[in-house]
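Engineer: Fold the following for me, if possible:
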Amino acid sequence: MRFVAKSMLAVVFIAGGCGSLARVDFPNRLIGSDGQEIVLDDIEVIVRDSDLDDEAKREQLRELGIADEILIEVLLQL
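Structural biologist: Down below sits the predicted model:
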């Protein structure tokens, strides 16, 4: 009986902790001006799109949530 109770308690602790392992808080993550997280892959897709001119790339980077014009210029140089 004690073994079953201890086993059930262990399962509860393990199951309760699973959600905390899935969430990793990165201190240097990118947050856009609208508060939404910016994914670097999204930036790369915009910057490397050969069908867009620089002004269209700037506009898409702004829509992504990047408000800093200096940062946008730096990203366009990649």
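Engineer: For residue 56, give its distance to residue 49.
Structural biologist: Using Cβ to Cβ, to the nearest Å, residue 56 is found at 8 Å from residue 49. For every residue, glycine as well, the C-beta is placed using N, CA and C.
Engineer: Kindly report the same for residue 40.
Structural biologist: For residue 40, the distance to residue 49 equals 15 Å [Cβ to Cβ].
Engineer: Tell me the backbone dihedrals of residue 37, please.
Structural biologist: phi -70, psi 140 (degrees, to the nearest 10).
Engineer: Would you agree residue 62 is in contact with residue 72?
Structural biologist: Yes - at 7.2 Å, residue 62 counts as touching residue 72 under the criterion of Cβ atoms under 8 Å.
Engineer: Same drill for the two, tell me which one is more crowded.
Structural biologist: Taking neighbours as other Cβ atoms under 10 Å, residue 62 and residue 72 compare with residue 72 leading, 20 against 15.
Engineer: name the helices or strands packed onto the helix or strand encompassing the more buried one?
Structural biologist: Assigned by DSSP states H and E, residue 72 falls within helix 69-76. If you count contacts as 3 or more Cβ pairs under 8 Å, 6 or more residues apart in numbering; DSSP states H and E, helix 69-76 packs onto helix 40-47, helix 54-64.
Engineer: Good, wrapping up.
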